[in-house]
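> What follows is a predicted structure for the sequence shown.
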Amino acid sequence: MTLTCRDALLATVLAYLAAASPAAALTDAPAAVPAAAAPSPAKQQPMASAPAPAVVANATWSRDIKGNASAAPFIRALSPAELAAWKDRTAKDVKFVVDDTKNFFLKHGVDEKEGGFYGTIARNGSSVEPTAKGLIVEGRYLWMYSVLAERNATLKPEVAGIMNSTFRFLVDKFYDPSDAMFVQRVARDGSRLTLDLKGAKRNSTELEEANVIDAGAHKWLYGQPFAILGLAAYARAFNSSEALGVAMDNFRSIDAKFHDAEFGGWDQLGGDDSGLYIDFPGNARPAGALGQVAKTNNLHYALLPGLTELYKASKDPVVGDRLAELVILYKDRLTLPEGYTAQFFTRDWQPLINGTIVPTGPGSVEGTKKVPLVLVGHDLKTVQYVYEAAEALIAGGHPQGRATLAASAGVSDAVATIALRHGYDWATGGFYNVIDVNGTVIDDDHVWWVQNEAPPALYRLYQLTNDTRLLDMVDGTLAWIKTKGIDPVYGEQYWGVYPNGTVDERGTNKAEFWKAGYHVLHGMLGMEDLVAPLEPASA
């Protein structure tokens with residue numbers, strides 16, 4: 001059962017600047033796709049307005065909730081009847097989205113010949129080139145259907161064989177027991193891909209062109225948490241001691257090689273014999289580049305769900321300690337007081353932009369840009385991730401469980417400030433991909449994972465603030481997913497769609513190295529737990 005966090009949450013409050021003019025209601029839903037109920041036009045107000053500074057140190061907006069007349073109409077707790085009606089409608093929308101993704105990949109994704117799931121799946125569900133399979137998505141597929149099986153006794157026997165095949169493929173083809181690490185990518189049949197890095201000049205462009213990130217021989221630290229994520233969920237759903245054993249061995253391996261006992265977190269330069277620092281897609285750099293980059297946000301929020309699942313499956317005290325440490329780090333180090341998470345850090349957690357330590361902290365390293373960028377989905381997703389971690393720690397009886405719950409409230413108070421103020425598209429529904437700290441929209445693409453991870457974060461923030469505009473954001477985001485994000489012909493969501501409804505340059509593939517159904521199910525099942533929690537499973 002999902003914990004209610006109001007007592008802890010009321011200690012910190014997000015409020016918002018005076019509202020501007022109402023935005024237009026969502027329209028133009030394709031007849032083939034059920035449309036979500038539109039938010040009330042009277043309540044559709046932007047979160048922010050120009051008069052206030054874009055970045056205000058130590059920004060919590062309780063003054064607006066307490067005294068700003070223009071914001072006051074939005075700050076109210078729904079009555080029990082109103083909230084029940086909203087939850088009922090939302091639960092139906094969530095189920096529609098979950099079923100769409102679940103059914104698409106069960107029908108089109110399973111590689112019955114070689115095991116696991118196909119590496120690339122076209123719009124119509126056919127397997128296409130490149131056929132190599134990546135650790136990140138294979139681990140996530142294992143998580144997806146293991147979690148669904150755990151929640152649905154009827155589905156469990158249907159997917160048991162598929163999950164066993166995916167588990168075996170992951171362990172037999174990706175895993176190297178000599179160091180308890182997983183390689184990054186293998187051929188469709190599981191054979192290893194290799195690449196000689198000695199001749200590479202090791203600058204970002206040439207490494208990307210040389211396909212370093214895809215090199216099967218490279219054991220990328222960032223990829224390991226996704227193996228842990230899937231293995232732990234499979235172990236729990238199907239009572240597999242082997243899966244749990246491999247997940248624990250992998251955890252102990254990366255913990256010994258990369259965990260920073262002095263400053264906390266994981267140092268991505270430690271233990272990497274290749275000399276390569278790789279942070280996120282298409283961004284490979286020599287060790288020590290960008291000044292003293294050693295730690296990234298991207299790795300640490302990959303670790304959050306992985307270690308959450310591992311702690312739920314193992315109750316291992318060291319795993320619990322590391323998970324609690326992550327939550328505290330997000331409160332004290334990764335989240336900046338201006339209201340967003342930084343992306344790059346020195347080993348001692350000083351934020352970096354373009355290799356320079358800056359007092360305001362970076363949102364991204366992007367060419368010669370000096371204005372920090374805010375990755376909207378990353379900040380919203382962090383809210384849900386830290387609460388899931390805290391709830392797992394409490395359920396497992398970890399001594400720091402209650403402290404991490406309080407820390408999660410602190411993270412939520414800060415991390416979503418800029419993302420909510422400037423990141424939501426009130427004209428169409430859904431969230432932009434990237435903005436800067438001044439509120440300028442850098443990338444207006446409505447990327448699929450951002451939309452699907454947003455609703456549970458928004459609802460948790462509503463629990464914190466009683467700001468009904470957050471519920472309007474949930475409604476608008478679900479409407480966007482159903483009317484624009486999901487392919488009305490073949491099902492499943494596009495990578496991204498621009499506000500005018502056109503599919504972005506990434507194209508129409510439904511699965512690839514970075515995309516499958518994980519973010520849809522993680523966000524929507526998290527939302528399901530908040531609006532229609534499952535009854536405890538009988539023994």
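That came in fine, so what should we check first?

> which element follows the strand or helix carrying residue 406 toward the C-terminus?
Here residue 406, judged by DSSP states H and E, is contained in helix 401-415. Counting by DSSP H and E, the next helix or strand C-terminal to helix 401-415 is helix 417-422.

> Please save the CA atoms from that following helix in PDB.
Only the C-alpha atoms of helix 417-422 are listed here, as PDB (Å, rounded to 0.1, in the frame of the first residue of the first chain):
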ATOM      1  CA  THR A 417      10.500  24.800  -9.000                       C
ATOM      2  CA  ILE A 418      11.800  25.900 -12.400                       C
ATOM      3  CA  ALA A 419      10.400  22.800 -14.200                       C
ATOM      4  CA  LEU A 420       6.900  23.500 -13.000                       C
ATOM      5  CA  ARG A 421       7.100  27.300 -13.400                       C
ATOM      6  CA  HIS A 422       8.400  27.200 -17.000                       C
END
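
> just checking, what packs against it?
strand 340-341, strand 373-375, helix 376-395, strand 434-436 (3 or more C-beta pairs under 8 Å, 6 or more residues apart in numbering; DSSP states H and E). Yep, even glycine has a C-beta here, placed from its N, CA and C like the rest.

> Can you give me the buried ones in it?
Buried residues in helix 417-422, defined by neighbour count with 16 or more other C-beta atoms under 10 Å: 417, 418, 419, 420, 421, 422.

> Need the contact partners of stretch 432-445.
Contacts of stretch 432-445 with the rest of the structure, by C-beta atoms under 8 Å, 6 or more residues apart in numbering, involve 48, 54-55, 338, 340, 360, 363-364, 371-377, 418-419, 421-425, 446-447, 450, 496-499, 504.

> list the buried ones in it?
432, 433, 434, 435, 436, 437, 441, 442, 443, 444, 445.

> got a list of what residue 124 touches?
Residue 124 is in contact with residue 490, counting by C-beta under 8 Å, 6+ apart.

> Can you give me the separation between it and residue 107?
11 Å (C-beta to C-beta, to the nearest Å).

> Just give me the neighbour total for residue 172.
Residues lying near residue 172 (other C-beta atoms under 10 Å) number 10.

> Need the pLDDT of it.
What the model reports for residue 172 is a pLDDT of 98.

> Next: residue 467.
Reported pLDDT for residue 467: 87.

> Now do it: how many residues are near it, please.
Neighbour number of residue 467 under other C-beta under 10 Å is 25.

> Please apply the same query to residue 93.
24.

> got it, and residue 267?
Residue 267: 21 surrounding residues under other C-beta under 10 Å.

> do you know how far it is from residue 255?
Counting by C-beta to C-beta - residue 267 and residue 255 are separated by 12 Å.

> same question, residue 96
40 Å.

> Also residue 371?
Counting by C-beta to C-beta, the gap from residue 371 to residue 255 is 36 Å.

> Ok, residue 469 next?
Taking C-beta to C-beta, one finds residue 469 at 42 Å from residue 255.

> Residue 403 against residue 324, yeah?
Yes: at 7.3 Å, residue 403 and residue 324 qualify as touching, with contact defined as C-beta atoms under 8 Å.

> Looking at these two, which one has more neighbours?
residue 324 (22 against 15).

> The more buried one sits in which helix or strand?
Using DSSP H and E, residue 324 falls within helix 317-329.

> Give me the residues contacting that helix.
Contacts for helix 317-329 (C-beta under 8 Å, 6+ apart): 248, 251, 255, 259, 264-265, 300, 303-304, 307-308, 310-311, 349, 386, 389-390, 392-393, 396, 398, 400-401, 403-404, 407-408, 411.

> Quick one: buried ones out of the residues you listed?
Among the contacts of helix 317-329, those classed as buried by neighbour count (16+ other C-beta under 10 Å) are 248, 251, 259, 264-265, 300, 303-304, 307-308, 310-311, 349, 386, 389-390, 392-393, 396, 398, 400-401, 404, 407-408, 411.

> burial measure for residue 431, as a count.
26.

> whoops, I mixed them up, residue 256
Neighbours of residue 256 (other C-beta under 10 Å): 11.

> With residue 463 instead?
The number of residues packed around residue 463, counting by other C-beta under 10 Å, is 17.

> Figure out how far the host helix or strand of it is from the centre of its chain.
According to DSSP H and E, residue 463 maps onto helix 448-465. Distance, stretch centre to chain centre, for helix 448-465: 11 Å (C-alpha atoms, centre = their mean, to the nearest Å).

> just stretch 302-309 next, same as before
That offset, for stretch 302-309, works out to 11 Å (C-alpha atoms, centre = their mean).

> Name the surrounding residues that touch that stretch.
The contact list for stretch 302-309, computed with C-beta under 8 Å, 6+ apart, reads 143, 222, 224-226, 228-229, 232-233, 236, 251, 266, 319, 322-323, 326-327, 330, 382, 385-386, 388-389, 392, 522.

> hmm, 7 Å instead?
For stretch 302-309, the external contacting residues (C-beta atoms under 7 Å, 6 or more residues apart in numbering) are 222, 225-226, 228-229, 232-233, 266, 319, 322-323, 326, 385, 388-389, 392.

> Give me the ChimeraX select line for these, limited to the buried ones.
Selection command for ChimeraX covering only the buried members of the contacts of stretch 302-309, criterion 16+ other C-beta under 10 Å:
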select :222,225,226,228,229,232,233,266,319,322,323,326,385,388,389,392
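
> Can I get the helix holding residue 406 in CSV, CA atoms only?
The C-alpha coordinates for helix 401-415 follow below in CSV (Å, rounded to 0.1, in the frame of the first residue of the first chain):
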residue,chain,number,x,y,z
GLY,A,401,13.7,5.3,6.3
ARG,A,402,11.9,8.1,8.0
ALA,A,403,14.9,10.5,7.5
THR,A,404,14.8,9.7,3.8
LEU,A,405,11.1,10.4,3.7
ALA,A,406,11.7,13.9,5.2
ALA,A,407,14.6,14.3,2.7
SER,A,408,12.2,13.4,-0.2
ALA,A,409,10.0,16.3,0.9
GLY,A,410,13.0,18.6,0.8
VAL,A,411,13.9,17.4,-2.6
SER,A,412,10.4,18.0,-3.9
ASP,A,413,10.3,21.4,-2.4
ALA,A,414,13.3,22.5,-4.5
VAL,A,415,13.8,20.3,-7.5
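
> That helix packs against which elements?
helix 6-9, helix 317-329, strand 335-336, helix 376-395, helix 448-465 (3 or more C-beta pairs under 7 Å, 6 or more residues apart in numbering; DSSP states H and E).
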